[in-house]
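S.K.: only geometry, no sequence info:
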């Protein structure tokens, strides 16, 4: 600070006469009176709006002098007294005039006068009050300005005393608002004011136009005044007097309105009306009253117009939520969502109705699929190609059609709700969870869902994706994955998928291996490595097999032989047991047994030698059921016949492996000799079922009937006789006998039962494994804990029933994997036995 | 007092004040007019704000009279408004005042190391007077920062440059025209420290606010204090024992 040093001292001690400021002290009492007279005149001028000739500095100085003389208290009191007198002489009479009988009537009974009259009377009163207030407010601001030093003086001495401004401004409250100017009704001005304001607001709610700015001036006035001199923000008159009344009034108004809507309107009207009311109140708080009321009045609407009768509106017949969902009322539901989200962020009411509807619609799909007769569906091209001449579809195709319809409908339903979710529900997560759960619920309620989903994929991969662009294929894959996600019994799906995939691969029915691999990699992402191991193994097998095939062919050609042998070497565990002949059905021999003709046995031996040459210790089992063979047949010319039959005919026929075995039998006997079913079986030892299927392909199917059958019925029975069909002819040289497969596309109820039984068995093993795994690590565990852990471990595969888990535990105890500890205190505990 | 950086910061403010450019009101004091800016002054003084914002003559004429104070005090007040500081020299015009502040007198800095220089009684009295006058003005115009600054200056002067002969005049003014209670405390504290010196001083004894009985009271207090101080040597022991008993 430069002033602290140098300065005057360095100027050689120049002595200046002491300069004194004009001292305000001196004559005591008279000085105060002079100053007060000056100020009083100024206050009067201020009230009379005649202040432009006043000098602020002069007045301020007057107040300063008084305070400096320690007479601030006196000044304060005199100002108070002056203002009070001013009120009683000049202002109260004016207000008194405004308080007319008709005005008081508004607050007691608003049916007396017409709306127009009421509005005019009310506005007149409000205007008068507002003008008075604004005058007072301005005067007090100016007064406070010139007495500014007084406040400063008090700030030091007496903090409990209100500032000059808050004291004088509050005079308005005490002398006007809290005074009773109408002796007949005994109402205070404040009560009249509030009821007039509310009356005006209600008029606006009923559709009238009111002077919003006028109301706002009044609310502003109430916001500037406080309940007492502490000026607590929470005790503004606006809050303590007006807002309370306003909210009560609004509540009554909207309760009445909601009752009326419930009686007279539909849900759509209610939605739009409520939405409009909300925005109106929003607007009102913005322009007519104070913004801080908005959350409170919004809550009133939420309570009265939304929450109280939400259930009733949602349930309205022909306009409620169900109707909106069914008719895709996007706008209605968007509004509904916004309204409901105001009162309940969990969306309980909305969620419940939606969930119920999803399940209802889902079950409807199931019912429709069950009741629709698919036998008259459009003839399937594939079936025609396979030589089925029936117009009506065979049961398998019917099932496929049903499965596809079911899946399509479910996907359509899913699309519908997805759209609603995006368009109406702002992608609300709780609603998404709820919808997903409902979808999962009804899909899993349908016992064939796993099979149908797999069939859907099967159908798409066989022909559905033909000619589709990559994006379209991708969409199909995505759909498939969505459905798989919903499935609870993933092990069931796994079984079906394995079976369908095996069929597609072995019979080369798959449209695209790329797509197959894509879908498997997607499943892997969704369901995990374990889920797809077997499927991947199947692909690996086929890849190695084609290498083997070419390797064998090369080896043979080195030896000078040309052998056209396509091998599929399948790893037992990866392929469905039906294909591998592991499934031993009641009353049937093992299906892989077959006595092959000598030439075939030689070929087998040759390949086995090749295969085992660098794969020691492996065992090959030949499965005839899934293979096929091309046979060149020569049908001799039949003497005495015309046309094609008169010439020798050579055909190349593709038949199942067993078909080849059977046909070779007829090479060894004369053309006109017959073999019975039993004789054939004795020679080939093919199982009855397979033999029947194979014979159907070569003795019944019209385009490949190389054997004659007696009696010539359409079904094969034990005891039938067969002989060479010398008169066979065909328009094409290459003929494909239909594959009458053991593994039918869709199961009949008996097969289904078998599948389920097998699945139950598998599950038992899986549960056993899970229990042992858990117990091994935990050593000792209570029953309920064990059950919970098992369920949580298996949740990705299926949902085990508690009773089954219990049974497995019992079984494991019997087998000495677990034991119940002897101790008494833990009756429901198990211990792992190492 | 200020680094070069600060000086540059204040540069345009000084220019505003010196040139009077863009001025939107005048402060008139005993015939001297200061061309000032509402945006600068009203932000620091609610009194000026009220005067210029209201419906009074000042707002219409754009002129405020400051007859309560002398020109130098008003000059320092204005200086403070614009550069946040003031000096106690009394240059004859505003321009000089600003320039002086801009370049601290290097002469003085080299001649007398800070804090150690000994000021003459007259110089101390002058400076005290200037600070006190400015304190009154700061209180009147309600400029809290300036109030604090003047207090600090007075306190510094009284601590480092105590000069009994300059004190009675100060004491008189503080007792009669200073409303700032904190400044009053600073001055009375200083008086209490130097009480034995002051009660002997004729100028002090003859002050309006001091009468005979006051002097007697003060002398008695001094006596009482002296006798209390002599047995003080014993007191630490006593206090110790009191503590240990607890």
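M.R.: Received, thanks. All values reported here derive from a predicted model rather than from experimental measurement. Numbering: from 1, shown residues only, chains lettered A, B, ... in the order given.
S.K.: how about residue A:250, what does it touch?
M.R.: Applying C-beta atoms under 8 Å, 6 or more residues apart in numbering or on different chains to residue A:250 gives the contacts A:281, A:297, A:300-301. No exception for glycine: its C-beta is placed from N, CA and C like everyone else's.
S.K.: mind checking pLDDT for residue A:6?
M.R.: With respect to pLDDT, residue A:6 scores 36.
S.K.: picking up where we left off before, which of the contacts of residue A:250 tops the neighbour count?
M.R.: Comparing these on neighbour count, residue A:301 comes out first with 25 neighbours (neighbours: other C-beta atoms under 10 Å in any protein chain shown).
S.K.: Report the secondary structure element holding that residue.
M.R.: Using DSSP states H and E, residue A:301 falls within helix A:294-301.
S.K.: what residues does that helix touch?
M.R.: Taking C-beta under 8 Å, 6+ apart as the rule, helix A:294-301 contacts A:243, A:246-247, A:250-251, A:254, A:274, A:277-278, A:281-282, A:284-286, A:342.
S.K.: and the least confident of the residues you listed?
M.R.: Least confident entry in those, by pLDDT: residue A:342, with 85.
S.K.: Where does pLDDT dip in the stretch 151-300 of chain A?
M.R.: Along the stretch 151-300 of chain A, segments meeting pLDDT under 70 span A:153-160, A:182-185.
S.K.: And residue A:453, its phi and psi?
M.R.: Here is the backbone geometry of residue A:453 (degrees, to the nearest 10): phi -60, psi -40.
S.K.: of all the contacts of helix A:294-301, which comes closest to chain B?
M.R.: Distance to chain B across the contacts of helix A:294-301 (C-beta to the nearest C-beta) is lowest for residue A:286, with 28.6 Å.
S.K.: Packing partners of the helix or strand harbouring the closest one?
M.R.: Using DSSP H and E, residue A:286 sits in helix A:267-287. Secondary-structure packing of helix A:267-287 (3 or more C-beta pairs under 8 Å, 6 or more residues apart in numbering or on different chains; DSSP states H and E): helix A:189-205, helix A:244-264, helix A:294-301, helix A:310-314, helix A:321-326, helix A:330-343.
S.K.: Can you give me the buried ones in the next helix-or-strand element following the last one?
M.R.: It stands for helix A:330-343. Following helix A:330-343 in sequence order, the next helix or strand is helix A:348-371 (DSSP H and E). By 16 or more other C-beta atoms under 10 Å in any protein chain shown, the buried positions in helix A:348-371 come out as A:349-351, A:353-355, A:357-359, A:361-362, A:365-366, A:369.
S.K.: Okay, now the unreliable bits of the chain?
M.R.: In the absence of a named chain, chain A is used. A:1-29, A:105-113, A:153-160, A:182-185, A:374-396, A:579-592, A:644, A:739-749, A:823-827.
S.K.: wait, chain B
M.R.: For chain B, applying pLDDT under 70 flags the ranges B:1-10, B:89-122, B:229-246.
S.K.: Now do the strands in it.
M.R.: B:25-29, B:32-36, B:63-65 (DSSP state E).
S.K.: And the longest helix belonging to chain B, what does it pack against?
M.R.: Ranked by residue count, the top helix of chain B under DSSP state H comes out as helix B:121-141. For helix B:121-141, the packing partners by 3+ C-beta pairs under 8 Å, 6+ apart come out as helix B:46-53, helix B:71-83, helix B:144-160, helix B:167-176.
S.K.: Just the angle for the first one relative to helix B:144-160, thanks.
M.R.: For helix B:46-53 against helix B:144-160, the angle between stretch directions is 150 degrees (axes from the mean of the first three to the mean of the last three C-alpha atoms, to 10 degrees).
S.K.: got the angle for helix B:46-53 vs strand B:32-36?
M.R.: Using the same axes, to 10 degrees: helix B:46-53 against strand B:32-36 is 80 degrees.
S.K.: Measure how far helix B:46-53 is from the centre of its chain, please.
M.R.: Centre-to-centre, helix B:46-53 and its host chain are 24 Å apart (C-alpha atoms, centre = their mean, to the nearest Å).
S.K.: same for the lengthiest helix in chain A, what does it pack against?
M.R.: If each helix of chain A is counted by residues according to DSSP H, the longest one is helix A:115-146. Here helix A:115-146 touches helix A:29-47, helix A:56-68, helix A:92-98, helix A:101-108, helix A:164-172, helix A:189-205, helix A:212-224, helix B:46-53, going by 3+ C-beta pairs under 8 Å, 6+ apart.
S.K.: want to throw the ones you listed into JSON lines with distance to residue A:704 and mean neighbour count?
M.R.: Below are the helices and strands packed on helix A:115-146 laid out as JSON lines (distance: least, C-beta to C-beta, whole Å; neighbours: other C-beta atoms under 10 Å in any protein chain shown):
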{"stretch": "helix A:29-47", "distance to residue A:704": "118", "mean neighbour count": "17"}
{"stretch": "helix A:56-68", "distance to residue A:704": "119", "mean neighbour count": "23"}
{"stretch": "helix A:92-98", "distance to residue A:704": "110", "mean neighbour count": "15"}
{"stretch": "helix A:101-108", "distance to residue A:704": "101", "mean neighbour count": "17"}
{"stretch": "helix A:164-172", "distance to residue A:704": "109", "mean neighbour count": "21"}
{"stretch": "helix A:189-205", "distance to residue A:704": "85", "mean neighbour count": "21"}
{"stretch": "helix A:212-224", "distance to residue A:704": "91", "mean neighbour count": "19"}
{"stretch": "helix B:46-53", "distance to residue A:704": "109", "mean neighbour count": "21"}
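S.K.: returning to that earlier point: next, format the strands of chain B as TSV and append mean neighbour count.
M.R.: Formatted as TSV, these follow (neighbours: other C-beta atoms under 10 Å in any protein chain shown):
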stretch	mean neighbour count
strand B:25-29	19
strand B:32-36	18
strand B:63-65	19
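S.K.: what would those look like in CSV with distance to residue B:12?
M.R.: Converted to CSV, the strands of chain B look like this (distance: least, C-beta to C-beta, whole Å):
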stretch, distance to residue B:12
strand B:25-29, 19
strand B:32-36, 15
strand B:63-65, 24
